[in-house]
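> Please work out how this folds:
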Amino acid sequence: MLRSVVLAGGGTAGHVEPALAVADALRAAEPRTRLTLLGTSVGLEARLVPARGYELATVPKVPMPRRPGAALLKLPGRLFDAVRQAGATLDEVRADVVVGFGGYVSVPAYLAARRRGIPIVVHEANPLPGMANRLGARFTPFVATSYPSTPLRGATLTGIPLREEILTLDRSPTAARAARAHYRLDPHRPTLLVFGGSQGARSLNQVMTAAARPLATAGVQVLHAAGPKNYDDVAAALPRGLPAPYELRPYLDDMASAYAAADMTLCRSGAMTCAELAAVGLPAAYVPLPIGNGEQRRNALPTVEAGGGLLVDDAELSADWLIANVLPVLTSAERLAKMSAACAGTGYPQAASAIVGMIREAAGTRRRSRPRHAAS
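Below is the predicted model of the structure:
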């Protein structure tokens, strides 16, 4: 039996949500196991972890400086302090296994676990692994990835672990009508869901204010999360007197019900978003974030290539593109059904249970080996 597991993942939803999904699966499979989530005091985890009923232990946030300077000189000391605090948590809870999901907190967790001979499990959500998980994967054979092309040697493809309410979401016509009523939408109109992450996306917001009238004239209604900082500007820019409902919100705190209400979505293509839409079979027009290393485009490609979504560069997104490409899907029940089926075929609903299996296997290796003790 597993006595204690520490799950390290903080900073962004892409790290926190998979950690919480695995914690939920562990709690269901091993109800007597002590579960501790390691994060920071300033990330999303500070709010999400206690709200889900889990113990949160914190370490200092230690970002990797991108260029030489004072921050780089301070890095060794800051990292040492974070490893020390992570190690103190592992000792206090007597961790059997450490599970890392990348991000700021995983590096000190991996280093502290290795010094103590505690088995490590790594989960990488993105097609291109970050520095933390490239390091962690060197310390363990128990590595899970979400994409078959992720360059981590010896990894097992599991997909991204998702919470149960997403995996069991009912998107039947009856459920859709109920969800639309919750958002004050017409139960019978085709519905476009628009969101750009927790803070919204300016380019998506601008396109929607321009496309709102032609969409509504064609009979399409919209549920749009503009982002708290963008809400007032979008509300002011939306045309008045639209012939179909347009429900504008600062944010959506229940994405499952929003997915149930929608026929299609316009969104960014973060790893969690792509995984959730695949799990619920909701087609999307993906607009990858136009910065970074191109990982958002890679996130969406499996679904798009399977026929379950559309892909457009941020610079190419316009009201004309939306009307030419998204509107014909929304107004065709046959095309929506085909895209939904193709999208659902790209998901990995057993991801969390597969990672629980890896955690159990990793715990078994510690029982067969002699732990290495080291000072923090």
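> Poorly predicted segments of the stretch 151-300 of the chain, please.
Scanning the stretch 151-300 of the chain for pLDDT under 70 picks out the ranges 197-200.
> would you list every one of the strands in it?
Listed in chain order, the strands of the stretch 151-300 of the chain (DSSP state E, counting those that start in this stretch) span residues 156-157, 191-195, 221-225, 246-249, 264-267, 284-286.
> Can I get the third one in CSV? Just the C-alpha atoms.
If I follow you right, that is strand 221-225. Written as CSV, here are the backbone C-alpha positions of strand 221-225 (Å, rounded to 0.1, in the frame of the first residue of the first chain):
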residue,chain,number,x,y,z
GLN,A,221,-25.4,32.3,-30.4
VAL,A,222,-22.2,32.9,-28.4
LEU,A,223,-20.9,32.2,-24.9
HIS,A,224,-17.7,34.4,-24.6
ALA,A,225,-15.3,34.6,-21.7
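> Which neighbours in the sheet does that strand have, and how are they oriented?
Strand pairing for strand 221-225, determined by DSSP bridges: strand 191-195 (parallel), strand 246-249 (parallel).
> Outside of it itself, list whatever touches it.
Applying CB atoms under 8 Å, 6 or more residues apart in numbering, the contact partners of strand 221-225 are 183, 185-186, 189-196, 200, 205, 208, 212, 215-216, 234, 244-252, 258, 261-262. (Each C-beta comes from the backbone N, C-alpha and C, glycine too.)
> are any of the residues you listed buried, and which?
The neighbour-count test (16 or more other CB atoms under 10 Å) marks 183, 185, 189-196, 200, 205, 208, 212, 215-216, 234, 244-250, 252, 258, 261-262 as buried among the contacts of strand 221-225.
> quick revisit: in helices only, show me the contacts of strand 221-225.
Counting by DSSP state H, these place 205, 208, 212, 215, 216, 234, 258, 261 in helices.
> Closest to residue 279 out of those?
Comparing the ones in helices among the contacts of strand 221-225 against residue 279 with CB to CB places residue 258 closest, at 14.1 Å.
> surely the closest one meets residue 193?
Yes: Residue 258 is in contact with residue 193 according to CB atoms under 8 Å; the separation is 5.6 Å.
> In this protein, which residue is most central in space?
What sits nearest the mean C-alpha location of the chain, by CA atoms, centre = their mean, is residue 272, with 2.5 Å.
> wait, what's in contact with that one?
13, 14, 17, 18, 125, 160.
> Counting only helices, which of these make the cut?
Members of the contacts of residue 272 lying in helices (criterion: DSSP H): 13, 14, 17, 18.
> List the contacts of the last one.
When you say that, I think you mean residue 18. 9, 101, 123, 125, 160, 161, 162, 272 are the contacts of residue 18 under CB under 8 Å, 6+ apart.
> could you redo the last one with a cut-off of 6 Å?
For residue 18, the contact set (CB atoms under 6 Å, 6 or more residues apart in numbering) comprises 101, 125, 160, 161.
> Kindly report the same for the third one.
Shown here is residue 17, whose contacts under the criterion CB under 6 Å, 6+ apart are residue 272.
> Now do it, the pLDDT please.
You'll see residue 17 listed with a pLDDT of 92.
> which residue ranges form the helices in the stretch 51-200 of the chain?
Along the stretch 51-200 of the chain, the segments classed as helices by DSSP state H, counting those that start in this stretch run 70-93, 106-116, 131-136, 164-167, 173-182.
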